[in-house]
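>>> Sequence first, predicted model second:
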Amino acid sequence: MTSHTDPRALGKFLKARRAQLDPEDCGLPEADAPRRVAGLRREEVAQLAAISVDYYIRLEQGRVRASAPVLATLVRALRLDGDQQSYLYELAGRTDDRPRRRPPVQQVRPAMRRLLDQLDGTPALVLGRRLDILAWNQAAAALYTDFAGIPADRRNYLRLMFTDPEIRKMHREWSHDARDAVAALRMAAAADPDDPELDGLVAELSARDADFRTWWAEHRVNSATYGTKQYRHPLVGDLTLDCDTWNGADGSGQRLMVLTAETGTPSHDALRILTSWTPDRAEPHRARAPRG
């Protein structure tokens, strides 16, 4: 949504920012005479941004509204970081024109990895933004699939639910579980609406699956951290598992998903048998972090 702000506020920000920059760090030649003020001169900013000096002066004075191309050149000329870029576009009233950023590479937090390592015999996954599968233990691989055999940029919980025939068939209540997963992705989209990787995932699944298109269009959201999943595993038969997730406290969007069965139940015995068949149980698999 485009905002409407006082153009003088933009001018004050530009003036303050150029005062913080070292001319030599910006690739400008060393001046013959001492500078009377710190930072860049208005003429130098105009030079770096490839705009006229008069136009830049009018920007600082609040007498003209900056165009989107000019803002893009000012971002480079003034060496603005992500937060400063967002602030610039907000002040200019052009938030709709702000370039879409690429989110940082997701890395599994050490605390999450320690928890995963300690859950021997209990299926557990570390999920990131967009429900990407960042890491898993051997029990999770025994329950679902060999995640290591899936390319890192395709290793996504929701994508597997919709595109992997074996995982889809394993969910006895697939429609319920898949719809809940779509609603969880909707929550992620609200938290980071400018994520191009999320847009790509939505576009891919919308093109491939009619159910996904329908459920995505419903705008249903789900932030539940617990529930029950019904599986039919090809090796041990039916499983009823409690699914609990814990969100990381650092704002990274990472969460630990753990699947357990009540002690003494057929599902508990079947899960124990399933994980005992898996070699190298103590060695968790770790995913290479997917881009974004």
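That came through, no problem.
>>> Return the set of buried residues in stretch 114-121.
Neighbour-count burial for stretch 114-121 flags Leu115, Leu116, Leu119, Gly121 (criterion: 16 or more other Cβ atoms under 10 Å). Where you see a C-beta, it was placed from the backbone N, CA and C, and this is true even at glycine.
>>> tell me the contacts of the first one?
If I follow you right, that is Leu115. By Cβ atoms under 8 Å, 6 or more residues apart in numbering, the contact set of Leu115 is Ala124, Leu256.
>>> show me where the chain has helices.
Using DSSP state H, the helices of the chain run over 7-19, 42-49, 53-60, 68-77, 82-91, 110-118, 138-143, 157-163, 165-170, 174-191, 196-208, 210-217, 266-276.
>>> by contact count, what packs against the third one?
By that I understand helix 53-60. helix 7-19, helix 42-49 (3 or more Cβ pairs under 8 Å, 6 or more residues apart in numbering; DSSP states H and E).
>>> Which other helices and strands does the shortest one contact?
Spelled out, that is helix 42-49. Identification of packing neighbours for helix 42-49 by 3+ Cβ pairs under 8 Å, 6+ apart yields helix 7-19, helix 53-60, helix 68-77.
>>> export the ones you listed to TSV and tack on distance to Ala140?
Listed next are the helices and strands packed on helix 42-49 as TSV, based on distance: least, Cβ to Cβ, whole Å:
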stretch	distance to Ala140
helix 7-19	48
helix 53-60	55
helix 68-77	42
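>>> want to try JSON lines for the ones you listed, with mean pLDDT and mean neighbour count as columns?
What follows is the helices and strands packed on helix 42-49, written out as JSON lines (pLDDT from 0 to 100; neighbours: other Cβ atoms under 10 Å):
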{"stretch": "helix 7-19", "mean pLDDT": "89", "mean neighbour count": "17"}
{"stretch": "helix 53-60", "mean pLDDT": "92", "mean neighbour count": "18"}
{"stretch": "helix 68-77", "mean pLDDT": "89", "mean neighbour count": "18"}
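>>> Let me know which of those is the nearest to Asp242.
Of all those, helix 68-77 sits nearest to Asp242, with 48.5 Å by Cβ to Cβ.
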